[in-house]
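Enquirer: Output the structure for:
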Amino acid sequence: MNKKEPLIRLAKRENMNKNMVWLIRVAAFIFAIIIGGLIFFAADANPISAYATMIAGSLGKKSGIRQVVKTAIPLLGTAIALAPCFKMKYWNIGAEGQITMGAVGATLFALKLPKILPSAPLLILMGLSAIIFGAFWAVIPAFFKAKWGTNETLFTLMLNYIAIGIVGWLQGGPWEGKPGSQIIPNFDKKAVLPKIFGVHIGWIFVLLLVVFIYIYLNKTKHGYEVAVLGESENTARYAGMNVGKVTMRTAALSGAISGFVGYMIASGANQTLYAGVAGGVGFTAITVCWLAQLNPFVMILISVLLAILSKGASTLQTELAVPASISDIITGIILLSMLGCEFFINYKMIFRKSNKKEAE
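Expert: Residues are numbered from 1 along each chain as shown. You can find the predicted model right below:
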């Protein structure tokens, strides 16, 4: 007796037309906006006014634009950091901890050397320290993965909480400012990144990183090895690649960039260190990576969009008295819709055809 065919089954799409791909993405965005409008309406807010307020609050003033750029910097930098690992299908969920450890590395010199070094060499030393700290934190799970085949997803995730715990200890211990405050002192002016157009210089750094990662992944031997390993580990071994070495090298690069992001947050945005320095950026950047399909230039647009939504959410709360939770829901719906549409781009649903004649 033949097994009954399932009602719905999935099949991989092959070479969907690019116009159709973008049509699906635009439709998903419009769908999210409509659903968001219904939520605003349910919260007794005019949807049109709410969306207009979000846009005006983000892009209507210079201060809003600066805040958008400031928010987009770490998001874009972390997404860039994760791209090589994800292309290799090494699931680095530890950017949050790598950012935190990078900030620790920068703070180490920011607190100890302002009276000894001038600003330029101090900032360079802080950046290098952040890169080393972030890379080291990322190599730990990569080494265990290469040596013993451990699960990098769980390993990198758990290291996030250890990094946050280390900063918590530093806040109430060696680096505590006023006794009992549980607060690390603000950085000296020498240890603060300079500003260009009202925003710290980190926005230039991340744009340079976009170009660097694009070239690295698409034009270099290392990038080719990452791509081959991502397609098939067996193929990579057959081609003579040292899989463990490639894995650790790629993880180190990812951690180094994440650590540098921690440096930009600590020295540029916050001008101090605290346990929540990463602010969830390490997790949100995963979404940016997937929405951009690991394309660094598309990551710029998505990071800016999320930054606009974030800034617009705070404006809604102050001007229309819309709860911040509503704004978070709207942002979540937009992200979920944009991620969900990728399913329909990559897969199609095949329904079982009705058959009047039953198998004997």
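Enquirer: all contacts plus neighbour counts: C-alpha atoms, from now on.
Expert: Will do.
Enquirer: So what's the gap between stretch 193-202 and the chain middle?
Expert: Distance of stretch 193-202 from the chain centroid (Cα atoms, centre = their mean, to the nearest Å) equals 21 Å.
Enquirer: Now it: buried residues?
Expert: Buried residues in stretch 193-202, counted by 16 or more other Cα atoms under 10 Å: 193, 194, 199, 200, 201, 202.
Enquirer: what about the residue nearest the centre of the chain, helix or strand, and which?
Expert: With distances taken as Cα atoms, centre = their mean, the residue of the chain nearest its centroid is residue 285 (1.4 Å). Using DSSP states H and E, residue 285 sits in helix 281-291.
Enquirer: Turn the buried residues of stretch 193-202 into JSON lines, columns for secondary structure, distance to residue 343 and pLDDT.
Expert: Below are these laid out as JSON lines (DSSP: H, G, I helix; E, B strand; the rest coil; distance: Cα to Cα, whole Å; pLDDT from 0 to 100):
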{"residue": "193", "secondary structure": "coil", "distance to residue 343": "41", "pLDDT": "96"}
{"residue": "194", "secondary structure": "coil", "distance to residue 343": "43", "pLDDT": "96"}
{"residue": "199", "secondary structure": "strand", "distance to residue 343": "37", "pLDDT": "93"}
{"residue": "200", "secondary structure": "strand", "distance to residue 343": "38", "pLDDT": "95"}
{"residue": "201", "secondary structure": "coil", "distance to residue 343": "37", "pLDDT": "95"}
{"residue": "202", "secondary structure": "helix", "distance to residue 343": "34", "pLDDT": "95"}
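Enquirer: Just the closest of the residues you listed to residue 273, please.
Expert: Residue 273 has its nearest neighbour among the buried residues of stretch 193-202 in residue 193, at 14.3 Å by Cα to Cα.
Enquirer: Can you give the distance from the lengthiest helix in the chain to the centre of its chain?
Expert: Assignment by DSSP state H gives helix 119-148 as the longest helix of the chain. The chain centroid and the centroid of helix 119-148 are separated by 18 Å under Cα atoms, centre = their mean.
Enquirer: cool, and stretch 66-79?
Expert: Relative to its chain's centre, stretch 66-79 lies at 10 Å (Cα atoms, centre = their mean).
Enquirer: now residue 43, nearest residue through space, not along the chain?
Expert: Spatial nearest neighbour of residue 43, chain neighbours left out: residue 322 (7.6 Å); criterion: Cα to Cα, 6 or more residues apart in numbering.
Enquirer: residue contacts, the one you found?
Expert: 43, 45, 316 (Cα atoms under 8 Å, 6 or more residues apart in numbering).
Enquirer: Helices of the chain, start to end?
Expert: 18-42, 47-59, 62-87, 95-112, 119-148, 152-172, 202-219, 221-231, 233-238, 243-264, 281-291, 296-319, 324-346.
Enquirer: Distance to residue 352 for those - can I get that in TSV?
Expert: What follows is those, written out as TSV (distance: least, Cα to Cα, whole Å):
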stretch	distance to residue 352
helix 18-42	24
helix 47-59	41
helix 62-87	35
helix 95-112	43
helix 119-148	42
helix 152-172	37
helix 202-219	41
helix 221-231	32
helix 233-238	36
helix 243-264	43
helix 281-291	31
helix 296-319	38
helix 324-346	18
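Enquirer: out of these, which comes closest to residue 273?
Expert: Residue 273 sits nearest to helix 95-112 of all the helices of the chain, at 6.9 Å, using Cα to Cα.
Enquirer: Just want the angle from the closest one to helix 243-264.
Expert: Put simply, helix 95-112 runs at 50 degrees to helix 243-264, going by axes from the mean of the first three to the mean of the last three Cα atoms, to 10 degrees.
Enquirer: and helix 95-112 with helix 152-172, angle?
Expert: Using the same axes, to 10 degrees: helix 95-112 against helix 152-172 is 30 degrees.
Enquirer: just the CA coordinates of helix 95-112, formatted as PDB?
Expert: Written as PDB, here are the backbone C-alpha positions of helix 95-112 (Å, rounded to 0.1, in the frame of the first residue of the first chain):
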ATOM      1  CA  ALA A  95      29.100  38.900  19.500                       C
ATOM      2  CA  GLU A  96      27.500  40.400  22.600                       C
ATOM      3  CA  GLY A  97      30.300  39.000  24.800                       C
ATOM      4  CA  GLN A  98      33.000  39.900  22.200                       C
ATOM      5  CA  ILE A  99      31.800  43.500  22.100                       C
ATOM      6  CA  THR A 100      31.800  43.500  25.900                       C
ATOM      7  CA  MET A 101      35.300  42.200  26.200                       C
ATOM      8  CA  GLY A 102      36.500  44.600  23.500                       C
ATOM      9  CA  ALA A 103      35.100  47.400  25.700                       C
ATOM     10  CA  VAL A 104      37.000  45.900  28.700                       C
ATOM     11  CA  GLY A 105      40.200  45.900  26.700                       C
ATOM     12  CA  ALA A 106      39.700  49.600  25.700                       C
ATOM     13  CA  THR A 107      38.800  50.600  29.200                       C
ATOM     14  CA  LEU A 108      41.900  48.900  30.700                       C
ATOM     15  CA  PHE A 109      44.100  51.600  29.000                       C
ATOM     16  CA  ALA A 110      41.500  54.400  29.200                       C
ATOM     17  CA  LEU A 111      41.600  54.300  33.000                       C
ATOM     18  CA  LYS A 112      45.400  53.700  33.400                       C
END
